[in-house]
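# pasting the structure only:
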């Protein structure tokens with residue numbers, strides 16, 4: 001009798017958003033609209049003899065068994081038909097000829113400075129003596145403004161965003177800003193999240209017909225996850241209680257687990273859950289140095305059981321650890337870690353928040369890939385441990401859009417991320433500081449330097465060399481700069 005073939009585990013791609021599947025989702029529909037229509041096939045002459053049978057009767061054309069019943073394809077077809085008909089009507093002459101005007105001013109030319117209305121100029125608060133008022137430049141971390149436009153008359157602001165974020169005493173800055181505006185109709189310097197939510201677009205209403213998107217109670221789900229992420233945060237200072245461990249050793253362990261994660265081709269949710277299990281366990285128990293690798297391997301083993309459809313066998317984890325631990329030791333450590341965590345694995349994964357923000361970004365593949373690289377920085381660097389996963393995910397998308405010059409952080413992005421530009425400022429500076437420093441984790445850098453991940457680590461490192469000093473020093477930066485091609 002031949003030996004029984006071992007079942008091969010289904011291989012999943014970690015960057016699963018980049019791999020095409022048979023199911024047409026909203027992300028792929030948006031990508032198809034952005035790419036354009038596929039090239040049409042060449043016209044072929046009809047063959048009259050092929051449709052006639054030998055007995056002279058005409059063959060009956062069979063209908064395809066599985067027709068196109070997708071609502072998405074139906075909408076795309078209707079939109080294309082409507083667009084074609086509207087273009088055909090526009091090409092027909094209406095019989096009305098408008099008289100042409102001769103103008104010397106270009107369509108996008110600048111107006112004369114003397115022709116500007118005096119009502120737009122706002123008097124400065126003071127004695128009222130007429131004179132030249134020095135206006136401060138309106139700088140932002142996201143809006144790109146050419147330098148020739150910076151000298152045009154604009155509405156005066158007393159404090160730029162970079163200077164506001166640079167000050168440590170927020171209350172004194174707010175008091176000075178409020179005192180500068182003496183008018184009752186003066187608008188605040190920054191809008192709150194509630195104000196931005198009223199201006200945001202409702203993208204969930206488009207998914208009411210899709211039961212997989214659960215648009216009816218998606219807001220309640222993410223509100224619960226934001227409450228849950230506070231309870232699952234580890235102690236950011238747990239290394240003070242560890243006698244034999246240091247933060248550098250934790251970084252080496254996570255970098256090695258990234259390599260194991262890539263070798264087994266696990267889901268990204270498995271990695272984030274494994275890191276959270278390690279930090280929460282070390283926050284409660286004191287571990288010796290020779291047992292730190294056992295904690296890492298066991299945490300990845302537990303996370304793969306929780307997230308994967310078919311997790312690797314315990315023998316595989318023993319093998320990647322160079323047979324330093326037996327299978328019995330890994331299983332015993334699994335029971336001990338789960339009991340220390342009270343069997344609580346309900347960790348709100350940051351990948352869920354990243355995909356939520358990517359919905360407001362029209363599922364841009366380049367932005368999301370760079371955001372995934374920045375999100376995994378929070379696993380390696382212990383300084384991100386005190387921030388909730390939703391805030392780290394929002395900062396990752398913010399910095400990825402800034403590098404790729406995707407526009408400013410508008411109301412829709414702030415609403416779906418749950419954070420404004422001022423809320424993500426501390427995490428933003430930590431990410432820029434990590435990118436500008438030397439490469440500390442080789443496996444992590446080499447992983448995202450491949451074409452599979454669009455060379456995200458190389459692109460972000462080249463950007464950081466040019467623009468990181470200006471952001472870290474608090475200088476006036478009006479643009480994200482030239483981004484290397486992906």
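Received the coordinates, thanks. Keep in mind it's a predicted model, so treat the numbers as computed, not measured.
# Please count neighbours and contacts with C-alpha atoms only from this point.
OK.
# Quickly find the element holding residue 345.
Assigned by DSSP states H and E, residue 345 belongs to no helix or strand.
# hmm, who's touching stretch 350-357?
268-269, 272, 368, 371-372, 375, 389-390, 392-394, 397, 413, 416-417 (C-alpha atoms under 8 Å, 6 or more residues apart in numbering).
# whoops, I mixed them up, stretch 410-418
Identification of contacts with stretch 410-418 by C-alpha under 8 Å, 6+ apart yields 193, 196-197, 199-201, 353, 356-357, 360-361, 390, 394, 420-421.
# can you pick the most crowded of the residues you listed?
Per-residue neighbour counts (other C-alpha atoms under 10 Å) across the contacts of stretch 410-418 peak at residue 394, which has 31 neighbours.
# Contacts only, for that residue.
Per C-alpha under 8 Å, 6+ apart, neighbours of residue 394: 353, 354, 357, 417, 418, 419, 424.
# before we move on, what about residue 441?
The contact partners of residue 441, taken as C-alpha under 8 Å, 6+ apart, are 251, 252, 255.
# Just the closest of the residues you listed to residue 292, please.
Residue 292 lies nearest to residue 252 out of the contacts of residue 441, by C-alpha to C-alpha, at 10.7 Å.
# Now render the contacts of residue 394 as a markdown table, adding pLDDT and distance to residue 449.
Shown next, in a markdown table, are these (pLDDT from 0 to 100; distance: C-alpha to C-alpha, whole Å):
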| residue | pLDDT | distance to residue 449 |
| --- | --- | --- |
| 353 | 96 | 24 |
| 354 | 96 | 21 |
| 357 | 95 | 24 |
| 417 | 95 | 27 |
| 418 | 94 | 30 |
| 419 | 95 | 29 |
| 424 | 94 | 26 |
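# Return the subset of the contacts of stretch 350-357 lying in helices.
268-269, 272, 368, 371-372, 375, 389-390, 392-394, 397, 413, 416-417 (DSSP state H).
# rewinding a little: and the buried ones among the contacts of residue 394, selectable in ChimeraX?
The ChimeraX selection below is limited to those of the contacts of residue 394 classed as buried (16 or more other C-alpha atoms under 10 Å):
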select :353,354,357,417,418,419,424
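# Which of the ones in helices among the contacts of stretch 350-357 ranks first by neighbour count?
When neighbours are taken as other C-alpha under 10 Å, the top entry among these is residue 394 (31 neighbours).
# which residue sits closest to residue 334, ignoring its sequence neighbours?
residue 298 (5.9 Å; C-alpha to C-alpha, 6 or more residues apart in numbering).
# Now do the contacts for the one you found.
By C-alpha under 8 Å, 6+ apart, the residues touching residue 298 are 330, 331, 333, 334.
# before we move on, what about residue 331?
The neighbourhood of residue 331, defined by C-alpha under 8 Å, 6+ apart, consists of residue 298.
# That one sits in which helix or strand?
Taking DSSP H and E as the criterion, residue 331 maps to helix 327-340.
# could you give me the average pLDDT of that helix?
Helix 327-340 comes out with an average pLDDT of 96.
# what do you get for stretch 247-255?
For stretch 247-255, the mean pLDDT works out to 95.
# Buried residues of that stretch, list them for me.
Across stretch 247-255, burial judged by 16+ other C-alpha under 10 Å covers 250, 251, 252, 253, 254, 255.
# where does this structure have its least confident helix or strand?
Least confident helix or strand of the chain, by mean pLDDT, DSSP states H and E, is helix 170-180 with a mean of 38.
# now, among the buried residues of stretch 247-255, which is nearest to residue 345?
Nearest to residue 345 among these is residue 254, at 18.9 Å by C-alpha to C-alpha.
# That closest one is in what secondary structure piece?
Using DSSP H and E, residue 254 falls in helix 247-264.
# Show me what counts as buried in the helix holding residue 331.
Buried, per 16+ other C-alpha under 10 Å, within helix 327-340: 327, 330, 333, 334, 337, 338.
# any low-confidence regions in the chain?
Residue ranges of the chain with pLDDT under 70: 1-189, 474-486.
# do that again at 50, thanks
Within the chain, the segments meeting pLDDT under 50 span 4-12, 18, 20-21, 41-187, 475-479.
# Could I get the contacting residues of residue 401?
By C-alpha under 8 Å, 6+ apart, the contact set of residue 401 is 367, 407.
# And the next helix or strand past the least confident helix or strand of the chain?
Past helix 170-180, the next helix or strand by DSSP H and E is helix 193-199.
# For that following helix, give me every contacting residue.
411, 412, 414, 415, 418, 419, 420.
# Let me have the contacts of residue 298 in CSV, extended by distance to residue 317.
As requested, the contacts of residue 298 are exported to CSV (distance: C-alpha to C-alpha, whole Å):
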residue, distance to residue 317
330, 9
331, 11
333, 13
334, 12
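# Check the residues you listed against residue 307 and report the nearest one.
Using C-alpha to C-alpha, the contacts of residue 298 come closest to residue 307 at residue 334, 15.7 Å.
# That closest one is in contact with residue 305, isn't it?
No - between residue 334 and residue 305 there is no contact under C-alpha atoms under 8 Å: 11.1 Å.
# mind checking how far residue 304 is from residue 272?
11 Å (C-alpha to C-alpha, to the nearest Å).
# before we move on, what about residue 313?
Between residue 313 and residue 272 the computed distance is 20 Å (C-alpha to C-alpha).
# residues near residue 194, how many?
Residue 194: 12 neighbours (other C-alpha under 10 Å).
# now residue 437
Per other C-alpha under 10 Å, the neighbour tally for residue 437 reads 12.
# Please report how far it lies from residue 345.
Distance of residue 437 to residue 345, computed by C-alpha to C-alpha: 34 Å.
# Check residue 417 too.
Distance, residue 417 to residue 345, using C-alpha to C-alpha: 24 Å.
# And for residue 339?
Distance, residue 339 to residue 345, using C-alpha to C-alpha: 11 Å.
# what do you get for residue 383?
Residue 383 is 22 Å from residue 345, by C-alpha to C-alpha.
# what about residue 363, helix or strand, and which?
Assigned by DSSP H and E, residue 363 belongs to no helix or strand.
# Count the neighbours of it for me.
Quick note: residue 363 (other C-alpha under 10 Å) scores 20 neighbours.
# residue contacts, the residue nearest to residue 261 when sequence neighbours are not counted?
Nearest non-adjacent residue to residue 261, counting by C-alpha to C-alpha, 6+ apart: residue 271, 6.9 Å away. Residues near residue 271 by C-alpha under 8 Å, 6+ apart: 258, 261, 300, 303.
# Closest one to residue 208 out of the residues you listed, please.
residue 303 (32.3 Å).
# what about the closest one, neighbour count?
By the criterion of other C-alpha under 10 Å, residue 303 has 22 neighbours.
# what helix or strand is it on?
Per DSSP H and E, residue 303 falls inside helix 292-307.
# my read: residue 297 touches residue 319, true?
No - using C-alpha under 8 Å, residue 297 is not in contact with residue 319, being 10.5 Å away.
# Next one: residue 359 from residue 415, what distance?
Relative to residue 415, and taking C-alpha to C-alpha, residue 359 is found at 11 Å.
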